[in-house]
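J.: Model the structure of this input:
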Amino acid sequence: MELSRRSMIVGTLSALGLGVGSVAAASWLTHGSPETPLADPRGHATSPAPTATATPTRSPTATTEDLRLHAWDSVVREVSDAADATVTLASGALPAGMSIAAHRLIGRPTTEGAYRFALEVQEGRTKRLRTFAGAVAPLKRDLNISLSLDQRTPMSVTAKELDRIARLGANATLVIYCFISDPTSTTFTRVTDDRIDTAFQLARDRGIRITMVKPHIVTDEQGDGFYRGNYAPASLDAFFTNWQAQLLDFATLCAQNDVEYLALTCEQPAQTDASTYDRWVPLIQKLRDTAPGVKLTAAFTTLELFLLYTYWIPQSTPHMARLLDVFGINSWIRLTDKVYTPDAPNITVDELVAGWRGAGGRTDDHLGKLEAVCDGLRIPFLITEVGVQPRVDGLAKQDNSSPAAGAEDYDVQALLYRSVLAAPLQSRWCTGASIWHARAPFAFGPLSGKRLYPGESVLKTALADTPALATKTF
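T.: Sure, this is the predicted structure:
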């Protein structure tokens, strides 16, 4: 989503490859147990390493350790840093969804509840026990504010935007521009490393954790106003080669700065349809080899969600979404058709909450589709963008080709944010939301002054009531 609101992705289904099978063969997604998975594309399922045959000496048993696990959270934990180490399960049972790979615990806990197990770690001729006990906690959730990093905006403006995020106590999503010269180019020129490093330092200085790096492909002429649904690389081979190089750099950046998520694409349906699956498999494996602790997502459009829900998942079609840790969605949906009337408020939070599931507006059951897709993928979802322009017609223009142009009104933002907190952030599969955006025309208000605008008050109160929405790690 660019800073100046554009229309949602439109187009005929025939413009995208629907993968194997007939499109007409499936028109709904069945809820319940997950489909039979493909060969594990995330590299998370492996057999325990064999026990060594040499007669070892045994070191004293270690103290009990709590892994501090959360349901559906990706886990990559080193058990030993010795190159020749082998690890085997000595007693108890690993949490469901986790396994031993060489000298790591990896996977994704699928069931809440207590666990206790011991691992035998052999390093050379020495064996030792490591005992783990604790409880798998419920799915954790984050609340972020999006912040864009281009090549022109003064860093003093970025600093003020971060001041505002710090005032709320929120985390941040860092949107990094990758420039192309035209809609067919495969040569990317991203924001300079100096500006990226400065943004991270400014965030650290303010106690803000950047939890997601989200590269946007933009044009020199249009900036983030570029409609990425029209991005048509002259060579798909060149695109994947050059985009892989960008993503590997971003993965390293995430690993070095304790960034939890890396978005691989943003609103690029032509590069994420089913026909590109085989290209993503080796690319994503290289990202996991480079930064195994970073969770991979992609900022899909509502069109891509529709295709996954209606065709690709019911047909068990290989799709790059199956390779991810978290399903990302830019939730630009119309929750109501009403234009807000401040003198006689005519929009309630309750009707917007209902709108997330298809009531009242011209949208379908957006939240229900997200949950159904996550049932099939067996991964949680992250709302990578959600926001509204602070205008009386802002909510009614969420999926319209023309931007909001009504009178300024910041209560509209407060209404939307309350609905996000009450609807998607309460879903059994939702692991967080990133509010779009710190900068106009979606900003909470002018950067000058100390007034707390209505939308800010909603977010500040939510973060104060639930500190875990913006957990700090430094």
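
J.: Lowest-scoring secondary structure element of the chain by mean pLDDT?
T.: Least confident helix or strand of the chain, by mean pLDDT, DSSP states H and E, is strand 57-58 with a mean of 48.

J.: Output the contacting helices and strands for the helix or strand following that strand.
T.: As assigned by DSSP states H and E, the chain's next helix or strand after strand 57-58 is strand 64-65. On a contact count with 3 or more Cβ pairs under 8 Å, 6 or more residues apart in numbering; DSSP states H and E, strand 64-65 meets strand 126-136. C-beta: built from backbone N, CA, C; applies to glycine.

J.: Would you mind listing the buried residues in the strand it packs on?
T.: Buried residues in strand 126-136, defined by neighbour count with 16 or more other Cβ atoms under 10 Å: 127-128, 130-132, 136.

J.: what lines up beside the helix or strand following that strand in the sheet?
T.: Of the helices and strands lying after strand 126-136 in sequence (DSSP H and E), the nearest is strand 142-149. For strand 142-149, the paired strands and their directions (DSSP bridges) are strand 171-180 (parallel), strand 430-435 (parallel).

J.: now the first one, how far from the centre of its chain.
T.: Here strand 171-180 shows a centroid-to-chain-centroid distance of 13 Å under the convention Cα atoms, centre = their mean, to the nearest Å.

J.: can you pull the alpha-carbon coordinates of that strand into CSV?
T.: Output of strand 171-180 as CSV, limited to C-alpha atoms (Å, rounded to 0.1, in the frame of the first residue of the first chain):
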residue,chain,number,x,y,z
ASN,A,171,7.0,-1.8,18.0
ALA,A,172,7.8,-0.8,14.4
THR,A,173,7.7,-2.2,10.9
LEU,A,174,10.5,-0.8,8.7
VAL,A,175,9.5,-0.5,5.1
ILE,A,176,12.6,-0.2,3.0
TYR,A,177,12.3,1.0,-0.6
CYS,A,178,14.0,-0.9,-3.4
PHE,A,179,13.9,1.2,-6.6
ILE,A,180,13.5,0.1,-10.2
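
J.: what's the helix or strand just after it in contact with?
T.: Per DSSP H and E, the first helix or strand lying C-terminal to strand 171-180 is strand 189-190. Here strand 189-190 makes contact (Cβ atoms under 8 Å, 6 or more residues apart in numbering) with 176-180, 215, 246.

J.: can you list the weak-confidence ranges in the chain?
T.: Per-residue confidence for the chain (pLDDT under 70) gives these ranges: 1-62, 361-363, 400-401, 472-474.

J.: follow-up on the earlier one: could you work out the most separated pair of the contacts of strand 189-190?
T.: With Cβ to Cβ as the measure, no two of the contacts of strand 189-190 lie farther apart than Ile176 and Ile180, at 13.9 Å.

J.: quick one: buried residues of stretch 446-455?
T.: For stretch 446-455, by 16+ other Cβ under 10 Å, it's 453-455.

J.: meant to ask about stretch 427-447, not that
T.: For stretch 427-447, burial by neighbour count (16+ other Cβ under 10 Å) applies to 427, 429-439, 441-445.

J.: which element is Ala90 on?
T.: Assigned by DSSP H and E, Ala90 belongs to strand 86-92.

J.: What of Asn346?
T.: Under the criterion DSSP H and E, no helix or strand holds Asn346.

J.: Quick check: closest non-adjacent residue to it.
T.: Once flanking residues are discounted, Asn346 sits nearest to Lys338: 5.8 Å by Cβ to Cβ, 6 or more residues apart in numbering.

J.: Tell me, how many residues neighbour the one you found?
T.: 17 (other Cβ atoms under 10 Å).

J.: For stretch 129-138, list the C-alpha coordinates in PDB.
T.: This file holds the C-alpha atoms of stretch 129-138, laid out as PDB (Å, rounded to 0.1, in the frame of the first residue of the first chain):
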ATOM      1  CA  LEU A 129      22.100 -34.000  30.000                       C
ATOM      2  CA  ARG A 130      20.200 -30.900  29.400                       C
ATOM      3  CA  THR A 131      16.700 -30.900  31.000                       C
ATOM      4  CA  PHE A 132      14.000 -28.600  29.700                       C
ATOM      5  CA  ALA A 133      10.600 -27.900  31.400                       C
ATOM      6  CA  GLY A 134       8.000 -25.300  31.100                       C
ATOM      7  CA  ALA A 135       4.700 -24.600  29.300                       C
ATOM      8  CA  VAL A 136       3.900 -23.700  25.700                       C
ATOM      9  CA  ALA A 137       2.100 -20.400  26.100                       C
ATOM     10  CA  PRO A 138      -0.700 -19.200  23.800                       C
END
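
J.: which outside residues touch it?
T.: Residues from elsewhere that reach stretch 129-138, judged by Cβ under 8 Å, 6+ apart: 58, 61-71, 79, 90, 95, 109, 111-121.

J.: do the same with stretch 149-162
T.: Contact with stretch 149-162 is made by 147, 172, 174-177, 179, 191-192, 195-196, 198-199, 202-203, 206, 208, 218, 223-224, 438-439, 447, as judged by Cβ under 8 Å, 6+ apart.

J.: Secondary structure of Ile329: a strand, I assume?
T.: Yes - membership of Ile329 in a strand is supported by DSSP: H, G, I helix; E, B strand; the rest coil.

J.: Tell me if I'm right that it and Ile383 touch.
T.: Yes - with contact defined as Cβ atoms under 8 Å, Ile329 counts as touching Ile383 (5.9 Å).

J.: Name the residue in these two with the higher neighbour count.
T.: In this view Ile329 and Ile383 are compared by other Cβ under 10 Å, and Ile329 has more residues nearby, 28 against 24.

J.: For that one, which non-adjacent residue is spatially closest?
T.: In this structure, Ile329 finds its nearest non-sequential neighbour in Phe300, 5.4 Å apart by Cβ to Cβ, 6+ apart.

J.: Got the phi and psi for that neighbour?
T.: phi -80, psi 160 (degrees, to the nearest 10).

J.: Next: the one 5 residues further on.
T.: In this entry, Leu305 is assigned phi and psi values of phi -60, psi -40 (degrees, to the nearest 10).

J.: which residues touch it?
T.: So Leu305 contacts 329, 366, 369-370, 373 (Cβ under 8 Å, 6+ apart).

J.: And it, how far from Leu377?
T.: Distance, Leu305 to Leu377, by Cβ to Cβ, to the nearest Å: 11 Å.

J.: Which parts of the stretch 301-450 of the chain are helices?
T.: Using DSSP state H, counting those that start in this stretch, the helices of the stretch 301-450 of the chain run over 302-307, 349-355, 366-377, 411-422.

J.: May I see those arranged in CSV, with distance to Phe239 as well?
T.: What follows is the helices of the stretch 301-450 of the chain, written out as CSV (distance: least, Cβ to Cβ, whole Å):
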stretch, distance to Phe239
helix 302-307, 17
helix 349-355, 37
helix 366-377, 24
helix 411-422, 33
